[in-house]
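**Student:** Have a look at this prediction, sequence included:
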Amino acid sequence: AARAELRGTAPATHTADGHPAAVLANVGTVADAAAAAAAGATGVGLLRTEVLYLDRSTAPGVDEQAAAYREVLGHFPGGKVVVRTLDSGADKPLAFAEQPGEENPALGVRGYRLARRRPDLLDDQLAALARAQHDGGAELWVMAPMVSTAAEAAEFAALARGHGLTRVGAMIEVPSAALRAEAILAELDFVSIGTNDLAQYTMAADRLRGELADLLDPWQPAVLDLVAATARAGAAAGTPVGVCGESAADPLMALVLVGLGVTSLSMAPAAAAEVSHMVAGHTLEDCRRAAAAALAAPGAARARAAAEASIRPN
Ligand code: PEP
Ligand code: MG
């Protein structure tokens, strides 16, 4: 019943006391984007472009890609759409970007690393995005997946800006990137934390192995520490730091993330109403209290319980 009441809730843009905390949608296809907009989403925090092309054996051309991006942008006039460049490899292989002989695909030539072997794919994608951004609709933000070093961030930023893209960022989903967030942020306009992969790589636990779910829990103190380090670097630089991993779909975690300094939350659209209700119903001070309680806990279950207790009226 509580969920039904939340159905008409508009996406949060701020905490109860006016601190920025936008709730955005994760989408993978043009149809997903249309459905998210119809359900009330005002922007996209993660467009997983590889999902558009999962069933393709040949690479999509610039025109075809531009048409798809234009259509997604058109669903969110006045909003923003964060487009992630192709994140092929490991759990989401693309036939036309197949990397033969990967013994450890999660640690191999995946995400942004694909540009080492197939710079043409990234170049076409950036050209298509640059074309789409001129046709109105949402503000286009572009980010690279699986960036591990400041040098990669600088290289991606130069390529994207060379195509005329102006809001350039990267995902923070590898521990090395979180640990060196300050240097990475210096190259970029924004970052977005991918807690799915950040948990996988921090805990050395395959994200597809259900029996390791306890290790993959984003409430794990080590994962929270890396999120906190990234958010701190963002606050110091005055740079937006989003979270687009599924942890943002947990309403209690959403408060903790805002308390750590995260400025936007992107999630499966089905979770947006409940998260919005939670964020808009709490102050930044509440969020900071929840974050401090979670960070002080010795383990995942206790971190969650401590955050919960911190916001419980007494
Ligand atoms: C993540 O890793 O948290 C993320 C948002 O990206 P994906 O789940 O597509 O790897
Ligand atoms: Mg990821």
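**Tutor:** Perfect, thanks for sending it. Ligands and ions are numbered 1, 2, ... in the order given.

**Student:** helix, strand or coil for residue 36?
**Tutor:** At residue 36 the chain is in helix, as set by DSSP: H, G, I helix; E, B strand; the rest coil.

**Student:** burial measure for it, as a count.
**Tutor:** By the measure other CB atoms under 10 Å, the count of residues near residue 36 is 25. No exception for glycine: its C-beta is placed from N, CA and C like everyone else's.

**Student:** How about the one 10 residues further on?
**Tutor:** The criterion is other CB under 10 Å. On that basis, residue 46 has 26 neighbouring residues.

**Student:** cool, residue 228 as well?
**Tutor:** 20.

**Student:** That one touches residue 260, doesn't it?
**Tutor:** Yes: between residue 228 and residue 260 there is a contact at 4.9 Å, judged by CB atoms under 8 Å.

**Student:** Can you work out which residues contact both of those two?
**Tutor:** Residues touching both residue 228 and residue 260 (CB atoms under 8 Å, 6 or more residues apart in numbering): 291, 295.

**Student:** what's whichever strand or helix holds residue 140 in contact with?
**Tutor:** In this assignment (DSSP states H and E), residue 140 forms part of strand 139-144. The contact list for strand 139-144 (CB under 8 Å, 6+ apart) reads 69, 73, 79-85, 111-112, 126, 129, 132-133, 152-153, 156, 160, 165, 167-171, 189-192.

**Student:** so after it, what's the next helix or strand?
**Tutor:** Remark: after strand 139-144, the chain's next helix or strand is helix 150-162, criterion DSSP H and E.

**Student:** Please enumerate residues in contact with that next one?
**Tutor:** Here helix 150-162 makes contact (CB under 8 Å, 6+ apart) with 112, 115, 122-123, 126, 142, 144, 147, 168, 170, 180, 183-184, 186-188.

**Student:** buried sites along that helix?
**Tutor:** For helix 150-162, the neighbour count (16 or more other CB atoms under 10 Å) marks 150, 152, 153, 154, 155, 156, 157, 159, 160 as buried.

**Student:** Show me what counts as buried in the helix or strand harbouring residue 69.
**Tutor:** Using DSSP H and E, residue 69 sits in helix 62-74. Neighbour-count burial for helix 62-74 flags 62, 65, 66, 67, 68, 69, 70, 71, 72, 73, 74 (criterion: 16+ other CB under 10 Å).

**Student:** Next: stretch 14-30.
**Tutor:** Buried residues in stretch 14-30 (16+ other CB under 10 Å): 15-16, 19, 21-30.

**Student:** Show me which residues of the stretch 151-300 of the chain sit near ligand 1.
**Tutor:** Applying CB under 6 Å from any ligand atom, one finds that the stretch 151-300 of the chain approaches ligand 1 through 173, 194, 195, 196, 197, 244, 245.
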